[in-house]
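1. Kindly generate the corresponding structure for this input.
(chains A and B)
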Amino acid sequence: MRRYIGVALAILASGLPARATAQALATLDANVAGATYDQYLPSAVYTVAPALSYAGDAYRVGLDGAFSAFQTGHTSGVGEFQGAVGTRIYGPLRWELSGDGSALWYRANPAVWSGVLTPSIHADHGPLDAWVNGALGSTNNDLVVGSFVDRVGGGVAYALPHITPSMTVQTTRAGIYHYTDVEGGIQGEVGRFGVTSTVGTRTGVLGGGVATWFNAEVRFLLVDRVSLVFSGGSYPVDLVHGAPGAHFIGGGIRVSQAFLTHKRAMPAVRYDPLNATTEVMPDARTLRFAAPPSAHVELMADFTDWKAVAMTEVQPGRYQITLPDAIRSGLHRVNIRVDHGEWRVPAELPSVVDDLGGTVGSLVVP
Amino acid sequence: MKYAVVVLGLAVVTVRVDAQATDDRLRDAFDAQTYASLHAVVDSARAAGLPAEPLVDKALEGAAKHASTDRIVAVVRDLSARLADARSALGGSGTSEELSAGTAALRAGIAPTTLAELRRLRHNEQVTIPLAVAAELVARGVRPDSASQQVLRLAAAGARDVELAALPRSLASPSVATAGASAAAAAGLTTPGPASLGAKSGGNVQAGKSRSHQRP
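-> Just a heads-up that it's a prediction; the model follows:
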């Protein structure tokens, strides 16, 4: 089995542009659930769901599907392709264009096909990510009477330690129907446990489904690559993809495997002697930081025994210090001060609390 | 046998010289009462096999920043406990640099299991830089679980320290098209690449909307 997965990934990799490294991830879910779908009787559902994704420098593609067998003996399936490209524009801004196409079928009914393209602009600053997006697409879902799909929305997410809350608002028009979803979500990981949860409400056309919903998934990493997954709750009708809403509870197992499918030696970091993009020069003795020009700038750090050492201005606004010995490989802490002011974090370094009531810059020296 | 005794003797002398240097630095920076408190913490740590240098370093940082002596002693004592936690997570051993980086990683929210896994993946190499990079990624706004995954992924792929160290850099400046940018993208960080496939936001995958439920 593993051999076939490897071969499939190699074929996938061969068709994609060469790059420094690329990561492919394969997962396989197998689970049992009890579900009550809108306008259907309760039923047991047995599902196998494989997924494959491939991440490149500026793009990701994914392929996933699910095959379900129901208590009644009926079966259904869904297959979906997702892709996204994007790059940074300037500062915290980046653009993305994502798209997905899916096919869903149940028994001998005609399959529901859909495809949606979603351009978005993200402002990604530290732990905060905010975005706005629009979308255009098409569906042949008979329920919506028409095929045109458009969507406008936005959201915000904030990454805290262990947990990331998020909020989204999406207004969707599918055929003649129009509805707005407001959703709040939480993703968290603590040790071997992971949780994903969503609560939402819909105004406008409900399509026979619920107006409010809540669902949660709890994961427990059993052994390397194998997790137990429990989920339950409700979700609304998806008029674009043709999926009914449901209340459900279930559990199963998830097996995942990451593959480094293409690896090439990464380029060495380049140092410009005077306009360095890094603070530590190759000799590991010389450091440079930015500060206001023509100032008296001092540095203190663990490698100076927290003694203040004056820096020399080598260019307007660029200050340098050369230490007697090379800095040891590891994680170091640095502060600078200008004209005998407060000790502060150099602009180039991330700030962490120093436990002493202030902050300090974190510097990794390889 | 004679050589063994000589080597052992030299080792004892070296340890004592180091300890003396440590003591001198603390004695120079603090009053007698604070020195006694710090000396007790450092001695206990040393007796427990923990490195003294990170503790002395933290005490000196406190003195340089004019923190209150009570606070300095409390912070150093807390750091000693966290060094022990890091050593435990790393399988009961580690260099001074590894334990310092491990402490920073744990403090940043990196799970102890990540430390253990890095030790397993790099059993013949130091884990200082992977741990330092994980801590720095969190400091730059990456989620701890995501930072752990990326560092573990690169470590499993055999990335060298210099490649790992370039990873956080790519988050600082989008114009830096160096190793870090490639490494970050390869590791699946949200910043350089598209976020829409299962990343932290704007994703197409709705939580709980499992593929396990289509139609009964």
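
2. Show me where the chain has its helices.
-> Just going to use chain A. A:2-14 (DSSP state H).

3. wrong one, I was asking about chain B
-> Counting by DSSP H, chain B has helices at residues B:2-29, B:32-47, B:53-64, B:69-89, B:96-108, B:112-121, B:128-139, B:144-156, B:161-166, B:169-172, B:179-187.

4. tell me the most buried of the ones you listed?
-> Of all the helices of chain B, helix B:128-139 carries the top mean neighbour count, a mean of 29, counting by mean count of other Cβ atoms under 10 Å in any protein chain shown. Just so you know, the C-beta spots here come from the backbone N, C-alpha and C atoms, and that holds for glycine as well.

5. how about it against chain A, any contact?
-> Yes. Judged by Cβ under 8 Å from any Cβ of the partner chain, helix B:128-139 comes into contact with chain A at B:128-129, B:131-133, B:135-136, B:138-139.

6. would you turn these into a markdown table with distance to residue B:76 and pLDDT?
-> Formatted as a markdown table, these follow (distance: Cβ to Cβ, whole Å; pLDDT from 0 to 100):
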| residue | distance to residue B:76 | pLDDT |
| --- | --- | --- |
| B:128 | 21 | 95 |
| B:129 | 25 | 94 |
| B:131 | 21 | 95 |
| B:132 | 21 | 94 |
| B:133 | 26 | 93 |
| B:135 | 19 | 94 |
| B:136 | 23 | 90 |
| B:138 | 23 | 89 |
| B:139 | 22 | 87 |
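
7. how about low-confidence regions in chain B?
-> B:1-21, B:169-216 (pLDDT under 70).

8. what do you get for chain A?
-> Along chain A, the model assigns pLDDT under 70 to residues A:1-23, A:56-57, A:91, A:126-127, A:160-162, A:191, A:258-278, A:282.

9. Show me what residue of it gets nearest to chain B.
-> Taking Cβ to the nearest Cβ, chain B has its nearest neighbour within chain A at residue A:215, 2.9 Å off.

10. My read is that that residue contacts residue A:236, right?
-> No. Using Cβ atoms under 8 Å, residue A:215 is not in contact with residue A:236, being 10.3 Å away.

11. circling back: compile the helices of chain B into TSV and extend it with columns for distance to residue A:210.
-> What follows is those, written out as TSV (distance: least, Cβ to Cβ, whole Å):
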stretch	distance to residue A:210
helix B:2-29	65
helix B:32-47	58
helix B:53-64	54
helix B:69-89	44
helix B:96-108	39
helix B:112-121	38
helix B:128-139	37
helix B:144-156	30
helix B:161-166	47
helix B:169-172	40
helix B:179-187	38
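
12. Which of the ones you listed sits closest to residue A:211?
-> For the helices of chain B, the distance to residue A:211 is smallest for helix B:144-156, at 32.6 Å, taking Cβ to Cβ.

13. is it true that residue A:98 touches residue A:81?
-> No. The criterion here is Cβ under 8 Å, and residue A:98 misses it with residue A:81 at 11.3 Å.

14. what's around residue A:49, how many residues?
-> Using other Cβ atoms under 10 Å in any protein chain shown, the number of residues around residue A:49 comes to 20.

15. wait, I meant residue A:328
-> When counting by other Cβ under 10 Å, one arrives at 13 neighbours for residue A:328.

16. Next up, phi/psi of it, please.
-> Note on residue A:328: backbone dihedrals following degrees, to the nearest 10 are phi -70, psi 150.

17. list the contacts for residue 100?
-> The chain I'm using is chain A. Residue A:100 is in contact with A:80-83, A:115-116, B:204, counting by Cβ atoms under 8 Å, 6 or more residues apart in numbering or on different chains.

18. my bad, the chain I had in mind was chain B
-> By Cβ under 8 Å, 6+ apart, the contact list for residue B:100 reads A:330-331, B:51, B:54, B:83, B:128.

19. Right, I'll call it a day here.
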